[in-house]
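# give me a model of this one.
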Amino acid sequence: MAVDELLSKEFEEAGYGGITLTKTPLGAQINLYTMRPGRVIGKRGRAIKDASDKLEHKLGLVNPQITVVEIEVPELNPHIMAARVANALERGVHFRRSIFWSLRRIMDSGALGCEIILKGPIRSARARFEKVSEGYIPKSGEPSKRWLRHATIHVKQKRGILGVTVNIIPPDAKFPDKISLKGLPEIEYPEEEVYMPEGVEPEPEQTVTTEQVAPATEQPEATAEAPVDEKPEETTTEMSVEVKPDEAVVEPTPVEAEPEPQPVEEKLGEEKPADEEKPAEAEEPKEDKEEA
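Numbers count the residues shown, from 1 in each chain. Sure thing, here's the model as predicted:
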């Protein structure tokens, strides 16, 4: 905390974005994140040397080594955004305008969630707070400790000191309750396996229709090759052959069956003169009457 406060005051104009400190046997390694690395380094590295001397003499760090890292996306750094809100309040910008402007810039840069809290004597001597939030922000648990980026900066005003707190969730954060199905292998199911409910059988009509369609396609081919006039003759001969085998048992030749209609015509012809004889028979009794 002491190192952070000292470096933040030293490089406030350079866009200070926080530090990460690791202690090793050779000394303390400090990674300083800034928006303008040129101002941190200074001419021929004078600014870094002065900062390292202050850390060694004032705070007692052994052999501090500072490495400057440039921030690629300053909108995702809570220290920089809190400093921007503080500078806007010092210039006299309305607090709500400055808060909403920074919130929109943070969310447009791809953050999953953002929360900005302004506490202190905002309008009157009595302290109050204004909170603006958007997106997903975990408040407790391991995700909040691991992914939440937090920064607080104090601003001096006529009524008192205001505190600006910025909480940001970066776009690369992963939560246990957020599940993604990307990268799963595609499962190919065999086409032969058909899942049917119990008690239901496939319809057998499909096989019947396929068998019926096959001969139906063969018949038109035969009809196309044979002329239309020959078909009725073949059918008549087949019918005569099918009908006459029963009579062939009684009559040895099918030719004798043809004269059968002739005696029928003769009988009909004999019946006609029979009608003529009837008046002759009727005349005979007349003669008998005359003789009588």
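# now stretch 85-104: buried residues?
If you call a residue buried by 16 or more other CB atoms under 10 Å, then stretch 85-104 has these buried ones: V85, A86, A88, L89, F95, S98, I99, S102, L103. Heads up, the C-betas are built off the backbone N, CA and C, glycines and all.
# got the CA coordinates for that stretch in CSV?
Written as CSV, here are the backbone C-alpha positions of stretch 85-104 (Å, rounded to 0.1, in the frame of the first residue of the first chain):
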residue,chain,number,x,y,z
VAL,A,85,-13.6,11.1,-13.0
ALA,A,86,-11.6,12.9,-10.3
ASN,A,87,-10.1,15.3,-12.8
ALA,A,88,-13.6,16.1,-14.2
LEU,A,89,-14.9,16.8,-10.7
GLU,A,90,-12.0,19.1,-10.0
ARG,A,91,-12.7,21.0,-13.3
GLY,A,92,-16.3,21.6,-12.2
VAL,A,93,-18.1,19.1,-14.4
HIS,A,94,-21.4,17.8,-13.0
PHE,A,95,-20.8,14.5,-11.1
ARG,A,96,-23.6,12.6,-12.9
ARG,A,97,-22.3,13.6,-16.3
SER,A,98,-18.8,12.5,-15.4
ILE,A,99,-19.9,9.2,-13.9
PHE,A,100,-22.2,8.2,-16.9
TRP,A,101,-19.5,9.2,-19.4
SER,A,102,-16.9,7.0,-17.8
LEU,A,103,-19.4,4.1,-17.4
ARG,A,104,-20.3,4.3,-21.1
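# what does that stretch contact?
Contact with stretch 85-104 is made by 81, 84, 114, 116, 118, 122, 130, 132, 134, 153-157, 162, 164, 166, as judged by CB atoms under 8 Å, 6 or more residues apart in numbering.
# pull out the buried members of these.
M81, R84, C114, I116, L118, I122, E134, I153, V155, L162, V164, V166.
# hang on, the earlier thing: could you export the buried residues of stretch 85-104 as a markdown table, including distance to S109?
Putting these into a markdown table (distance: CB to CB, whole Å) gives the following:
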| residue | distance to S109 |
| --- | --- |
| V85 | 16 |
| A86 | 19 |
| A88 | 18 |
| L89 | 22 |
| F95 | 22 |
| S98 | 17 |
| I99 | 16 |
| S102 | 11 |
| L103 | 11 |
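# quick check: mean pLDDT across stretch 71-89?
In this model, stretch 71-89 has a mean pLDDT of 90.
# low pLDDT regions in the stretch 151-292 of the chain?
Along the stretch 151-292 of the chain, segments meeting pLDDT under 70 span 192-195, 202-292.
# the host helix or strand of K119 pairs with which strands?
Assigned by DSSP states H and E, K119 belongs to strand 113-120. Next to strand 113-120 in the sheet, as set by DSSP bridges, lie strand 128-135 (antiparallel), strand 161-169 (antiparallel).
# Serialize these to CSV and add fields for distance to E191.
Output for these, formatted as CSV (distance: least, CB to CB, whole Å):
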stretch, distance to E191
strand 128-135, 46
strand 161-169, 46
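# looking at this, R44 is in a helix?
Yes - under DSSP: H, G, I helix; E, B strand; the rest coil, R44 sits within a helix.
# now it: how far from E12?
For R44, the distance to E12 (CB to CB, to the nearest Å) stands at 22 Å.
# neighbour count: these two, which is higher?
The neighbour comparison of R44 against E12 (other CB atoms under 10 Å) goes to E12, with 13 against 8.
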